[in-house]
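Student: What follows is a predicted protein model with its sequence.
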Amino acid sequence: MAPVAGMLKERGHTVTGSDTGVYPPASTLLTSLGIRWNEGFRAENLRPTPDLVVVGNAISRGNPELEAVLDERIPSWSMPQTIEELFLPGHTSIVIAGTHGKTTTTSMLAWIFHVAGRRPDFLIGGVVPNFGDRSYGLGGGEEFIIEGDEYDSAYFDKAPKFLHYHPDELILTSLEFDHADIYPDLAAIELQFERLVNLVSRRGKILVWGEAQNLVACTKKAFCPVETYGLSPEMDWHAGDIEWRDGMTHFRVVYHRDEVARIRMPLVGRHNVMNAVACVAMAFGRSVECEAIEMALAKFQGVRRRLEIKGEANGVTIVEDFAHHPTAIQATIEAARARWPGRRLWAAFEPRSNTMRRRIFEGKLAGALATADCVVLGPVNRPHLLSDDERMDTQRVVAAIREQGKSAHAFRSAAEIAEFVGPQLAPGDLVLVMSNGSFDGLCGKLIETIEKGLAAHKS
């Protein structure tokens, strides 16, 4: 919502807003743009009466400001409808969708087009250092590159956001069960991806991760050309000779046995190689020069909170990542091991998303976290909103991890985790903090605990 507010402001509109607990990067973005927001929701926030109210999907009936919007019949749109109506017309819409990897892939692709001088418009669900820690841009070029989220759009529009983006070209990165609060099963999500595919015109194109059979199946009735990408030679586009050296991942991108590009990039992990292959394929198909593609990926800094180093103290490295699904957690741990080989790896995880707060993934979560050396779990976020039968039991997860021979403990707060972990950390250790929220500032608490321990030791 904050980036969309920024886009509206840059288009010349007067923008205000309402929310509770606004914190960085949203608060810093809004401040830098001179956008005023109100803390809390009240009818008087709608004075003077706006021409349009953009309603976020976290807002439900009963919200006092929303009720005033309805009482006064003020025009209102969802956030994706606002993009659809005001920003996409006149552009080629390139949508990146999938359970995992869509934020990084969207960021990579936008950066490639920027370096190539194509001046893309873009909207990303993350903060991108290459763009000055912005998550949007209005370059005015032909392409609008946008992250397509499968979550619903607004209280009055329960369809996925990505159905509003009418892709001319589409990248599908992955497809697993997620968003257990709004989807009953994987089949319900697959149906939405099939609907997304059905929006692509005959002159468009779809790039699909070809190693996920259910994802490929969603493209079977496409009216446009479909190409696969991945790590195996059976794919139309694939990566070969993958190697991590000199602080960079090196690999070749091959299309039907012909080498298209030789890539070196600072990002690590097989999942990021696949993201990059998709971007190379899309950019190449839209006539971006290979030299620009290679140059862009070599300088791509990633996305904030994706294996982002938050600090180092006494030889211990604290790293933060947004991973909050078992598949992403395991891929993140594997990538961390590749980037920092030979280190003892602590995994700290907060069950915060609407899916991970539920018990549905307890077994898979334990398996993913057990690939670390030591595991600590934070409390389930907003536990009172779930019944005992629905809610994840962190002690069950801990027991399952211990059965696999790994150290694991569950705690009631980030402060307790820092107090427990801090004294056990040794030079060379790596602490990987994973959450789709703030984890109550655990990274800072860990650094503070280590530094206090050092000061006490010296005294």
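Tutor: All right, it came through fine. Residues are numbered from 1 along each chain as shown.
Student: Find the residue ranges of the stretch 1-150 of the chain scoring beneath the pLDDT cut-off.
Tutor: Within the stretch 1-150 of the chain, no stretch falls below the threshold (pLDDT under 70).
Student: how about the helices of the protein, start to end?
Tutor: Along the chain, counting by DSSP state H, helices occupy 2-10, 26-32, 64-71, 79-86, 102-115, 186-197, 213-217, 270-285, 290-298, 326-339, 362-369, 394-403, 414-421, 442-458.
Student: for the first one, packing partners?
Tutor: Meaning helix 2-10. helix 26-32, strand 53-55, helix 79-86, strand 121-128, strand 134-138 (3 or more C-beta pairs under 8 Å, 6 or more residues apart in numbering; DSSP states H and E). Heads up, the C-betas are built off the backbone N, CA and C, glycines and all.
Student: Buried residues, it. List them.
Tutor: Going by neighbour count (16 or more other C-beta atoms under 10 Å), the buried part of helix 2-10 is 2-8.
Student: now do the third one
Tutor: Of all the residues in helix 64-71, those buried under the rule 16+ other C-beta under 10 Å are 65-66, 68-69.
Student: For burial, what's the neighbour tally of residue 405?
Tutor: For residue 405, the tally of surrounding residues (other C-beta atoms under 10 Å) stands at 7.
Student: Likewise for the one 4 residues further on?
Tutor: Residue 409 has 17 neighbours, counted by other C-beta under 10 Å.
Student: quick revisit: which one of the buried residues of helix 64-71 is nearest residue 162?
Tutor: Lowest distance from residue 162 to those (C-beta to C-beta) belongs to residue 66, with 23.8 Å.
Student: Run through the residues that contact residue 198.
Tutor: Contacts here follow C-beta atoms under 8 Å, 6 or more residues apart in numbering; on that basis residue 198 touches 221-223.
Student: now do residue 255
Tutor: 236-237, 281, 284.
Student: Kindly reformat these as TSV containing neighbour count and pLDDT.
Tutor: Compiled in TSV, the contacts of residue 255 are given as follows (neighbours: other C-beta atoms under 10 Å; pLDDT from 0 to 100):
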residue	neighbour count	pLDDT
236	17	96
237	23	96
281	24	97
284	18	95
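Student: Surely residue 37 is in contact with residue 31?
Tutor: No. When contacts are counted by C-beta atoms under 8 Å, residue 37 is not listed as touching residue 31 (9.3 Å).
Student: So if I had to pick from the two, which one is more boxed in?
Tutor: Summary of the neighbour comparison: residue 37 and residue 31, criterion other C-beta under 10 Å, with residue 37 having more neighbours (18 against 13).
Student: Find the nearest non-adjacent residue to the more buried one, please.
Tutor: The shortest distance from residue 37 to any residue other than its chain neighbours is 4.3 Å, reached at residue 17 (C-beta to C-beta, 6 or more residues apart in numbering).
Student: just the buried residues of helix 64-71 now: which is nearest residue 277?
Tutor: Here the nearest of the buried residues of helix 64-71 to residue 277, counting by C-beta to C-beta, is residue 66; it sits at 43.0 Å.
Student: circling back: identify, out of the helices of the chain, the most deeply packed stretch.
Tutor: Among the helices of the chain, helix 102-115 has the highest mean neighbour count (mean count of other C-beta atoms under 10 Å), at a mean of 27.
Student: helices and strands around it, which ones?
Tutor: strand 92-97, strand 121-128, strand 143-148, helix 270-285, helix 290-298.
Student: Next, the angle from the second one to strand 143-148.
Tutor: Going by axes from the mean of the first three to the mean of the last three C-alpha atoms, to 10 degrees, strand 121-128 is angled at 50 degrees with respect to strand 143-148.
Student: What is the distance between strand 121-128 and the centre of its chain?
Tutor: Its chain's C-alpha centre and that of strand 121-128 lie 10 Å apart, by C-alpha atoms, centre = their mean, to the nearest Å.
Student: Now do that strand against helix 79-86, angle only.
Tutor: Per the same axes, to 10 degrees, the angle that strand 121-128 makes with helix 79-86 is 150 degrees.
Student: quick one, what contacts residue 382?
Tutor: Contacts of residue 382 by C-beta under 8 Å, 6+ apart are residue 357.
Student: need the contact list for the spatially most central residue of the chain.
Tutor: For the chain, residue 103 is the residue whose C-alpha lies nearest the centre (C-alpha atoms, centre = their mean; 4.5 Å). Contact analysis of residue 103 by C-beta under 8 Å, 6+ apart lists 124-126, 147, 303, 306, 322.
Student: Roughly how far does it sit from residue 199?
Tutor: If you measure residue 103 against residue 199 using C-beta to C-beta, to the nearest Å, the figure is 21 Å.
Student: and what of residue 357?
Tutor: If you measure residue 357 against residue 199 using C-beta to C-beta, the figure is 32 Å.
Student: which one of those two has more residues nearby?
Tutor: Higher neighbour count among residue 357 and residue 199: residue 357, with 22 against 18, using other C-beta under 10 Å.
Student: Phi, psi for that one please.
Tutor: phi -70, psi -20 (degrees, to the nearest 10).
Student: ok, residue 312 touching residue 318?
Tutor: Yes. Under the criterion of C-beta under 8 Å, residue 312 lies in contact with residue 318, with a separation of 7.1 Å.
Student: Out of the helices and strands packed on helix 2-10, which gets nearest to residue 341?
Tutor: Evaluated over the helices and strands packed on helix 2-10, closeness to residue 341 peaks at strand 121-128, with 26.6 Å, by C-beta to C-beta.
Student: Indicate each strand paired with the closest one and its parallel or antiparallel sense.
Tutor: Applying DSSP bridges to the sheet, strand 121-128 is found paired with strand 134-138 (antiparallel), strand 143-148 (parallel).
Student: quick one, that strand and strand 92-97 angle?
Tutor: Using the same axes, to 10 degrees, the inter-axis angle of strand 121-128 relative to strand 92-97 is 30 degrees.
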